[in-house]
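Participant: sequence first, predicted coordinates after that:
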Amino acid sequence: AAPPPPARAPRAAMADAPLKSDAIKASGGPALTNRSKFITDAQGRTWFQESSDMWAGCAMTLEVKEVLHEEKTQYQDLMVFQSTTFGKVLLLDGVIQLTDRDEASYQEMIAHLPLCALRRAPRRVCVIGGGDGGVVREICRHASVESVDHCEIDEAVPRVSQKFFPEVGCCFDDPRVTLHLGDGVAFLRQAAEGTYDAIIVDSSDPVGPAAELFEQPFYATMHRALAPGGIVCTQAESLWLHLPLIKPLAEACKKTFAGGSVSYAYTTIPTYPSGQIGFMLCSKADPEAEGKANLREPQRPGPVGGHERKGDDFGKAGNALRYYNSDVHRAAFVLPQFAAEELKDLD
């Protein structure tokens, strides 16, 4: 039998550091932004137009058939609408988080890239963010996984996901999963050293409550919480739009994970800015292993099994993966020349 997980222990040096999520609550909550991005065309059709200073000069636009749900939570402006061509859409603070049509390309890659790259099969996994439950769904496909600590700051996201995205928020009742409602930074500060085989950070963009998840102190916190040989995988923005953000983040990760491996991979997803989103993968050095981990080479194939999908316009019934496979894993680390030059110091 596997030993019990290490007890959670306070870290006095970090415990009193202010949390940005507390500041959002104290200010009275988020601004209402989702409705402000609705436009009406000459034919009377309603469109959601996602624009932001983070991708200035361009926008993603989806036709809105019907608004299914909206609420102002303690932290975010949340909305679900039915689109014409991408199924249901989840918005947070005016930004698309997932759609029925393309969610698998993101959820599968952010989960299986690290879990399939581990030298040993994953047993204890932590997820920060990802309140819709899609990453947890993918982790639960791995039969070796014994426990998943899932920390989500906003109780509304898993609640709404289970109602409107049942194929995504389908594993909250898995006995291996424990949902912790709270700030992810604070949660990992309390983790005992060496607790997790993998930590996956499914965050929104580096504004609002997710801002701290892109800062070097948080990566240091994750490094401490990882077991030797463990892997962190975080959402790391778009090569086309955010290289000025990605490059210093990569440099900070190289310092934090000295002796380990740091690599950048990406996936294609039509409804994210530029149609592409990346992942920063960092492995912790393992003094008992021979050499550094090769994050680019899967150590095991994608998992078989898991949640049984009912089938719809965007995927067949069954439990097969829709996007990830071992060839896609290897290809995800092959960067276009302009990005390879900027990130040439990565593994």
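Facilitator: Sure, I can see it.
Participant: any low-confidence regions in the stretch 1-150 of the chain?
Facilitator: Applying pLDDT under 70 to the stretch 1-150 of the chain picks out residues 1-30.
Participant: show me where it has its helices.
Facilitator: 12-15, 20-26, 103-117, 134-139 (DSSP state H, counting those that start in this stretch).
Participant: before we move on, what about the stretch 151-300 of the chain?
Facilitator: 156-164, 184-189, 216-225, 239-256.
Participant: for these, which one sits closest to W55?
Facilitator: W55 lies closest to helix 239-256 among the helices of the stretch 151-300 of the chain, at 5.0 Å (CB to CB). Where C-beta positions appear, they are placed from N, C-alpha and C, glycine not excepted.
Participant: buried ones in the closest one?
Facilitator: Going by neighbour count (16 or more other CB atoms under 10 Å), the buried part of helix 239-256 is 239-243, 245-247, 249-250, 252-254, 256.
Participant: how distant is it from the center of its chain?
Facilitator: How far helix 239-256 lies from its chain's middle: 17 Å, per CA atoms, centre = their mean, to the nearest Å.
Participant: so that helix versus helix 216-225, what angle?
Facilitator: With axes from the mean of the first three to the mean of the last three CA atoms, to 10 degrees as the basis, helix 239-256 and helix 216-225 are set at 60 degrees to each other.
Participant: rounded mean pLDDT for helix 239-256, please.
Facilitator: For helix 239-256, the mean pLDDT works out to 93.
Participant: distance between the ends of stretch 35-43?
Facilitator: 19 Å (CA to CA, to the nearest Å).
Participant: how about that stretch: buried residues?
Facilitator: Applying 16+ other CB under 10 Å to stretch 35-43 flags K37 as buried.
Participant: redo the buried residues of helix 239-256 as JSON lines? Include distance to S105.
Facilitator: Converted to JSON lines, the buried residues of helix 239-256 look like this (distance: CB to CB, whole Å):
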{"residue": "L239", "distance to S105": "16"}
{"residue": "W240", "distance to S105": "16"}
{"residue": "L241", "distance to S105": "18"}
{"residue": "H242", "distance to S105": "18"}
{"residue": "L243", "distance to S105": "21"}
{"residue": "L245", "distance to S105": "22"}
{"residue": "I246", "distance to S105": "19"}
{"residue": "K247", "distance to S105": "24"}
{"residue": "L249", "distance to S105": "22"}
{"residue": "A250", "distance to S105": "22"}
{"residue": "A252", "distance to S105": "27"}
{"residue": "C253", "distance to S105": "24"}
{"residue": "K254", "distance to S105": "27"}
{"residue": "T256", "distance to S105": "28"}
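Participant: tell me the one of those residues nearest A56?
Facilitator: L241 (8.9 Å).
Participant: tell me who's in contact with that closest one.
Facilitator: Neighbouring residues of L241 by CB atoms under 8 Å, 6 or more residues apart in numbering: M54, W55, P273, S274.
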